[in-house]
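just coords:
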């Protein structure tokens, strides 16, 4: 028997899903698409880091999830997002906090990890 392919687990977050059944269906679909995107990359020889970023970008595009497009505004009505990504192979990480005006905060977090000497940038300067 051949070993199974990579196992991808995607968590879509917690929330008042019973009160939002239409959003739940959309969130579950996004979760499945995210897992498929990650698995496709891995099966094609991509890195785990690429797979994680691809999955998170799908989740950030889903307005039913509290990430990216679906982020809740703060008390001032402004969207501020946080994201972190880690590469377990080298124990490298990149993170951003309280950022806005971008579609994929996880990609910005990866850029912090790969293209800066920092591990966390916060606010508009990030």
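On my side now, so go ahead. Please read all numbers here as calculations on a predicted model, not as lab measurements.

my guess is residue 5 meets residue 39, correct?
Yes. Counting by Cβ atoms under 8 Å, residue 39 is a contact partner of residue 5 at 6.7 Å. Heads up, the C-betas are built off the backbone N, CA and C, glycines and all.

chain center to the helix ranked longest in the chain: distance?
Longest helix of the chain, by residue count under DSSP state H: helix 21-43. Remark: helix 21-43 is offset 12 Å from the chain centroid, using Cα atoms, centre = their mean, to the nearest Å.

and residue 67, what does it touch?
Going by Cβ atoms under 8 Å, 6 or more residues apart in numbering, residue 67 touches 13, 56, 59, 60, 81, 105.

residues touching stretch 102-119, excluding its own?
Counting by Cβ under 8 Å, 6+ apart, 49, 53, 56-57, 60-61, 67-69, 81-87, 92-96, 99, 120-121, 126 sit against stretch 102-119.

so which bits of that stretch are buried?
By neighbour count with 16 or more other Cβ atoms under 10 Å, stretch 102-119 contains the buried residues 104, 105, 106, 107, 108, 109, 110, 112, 113.
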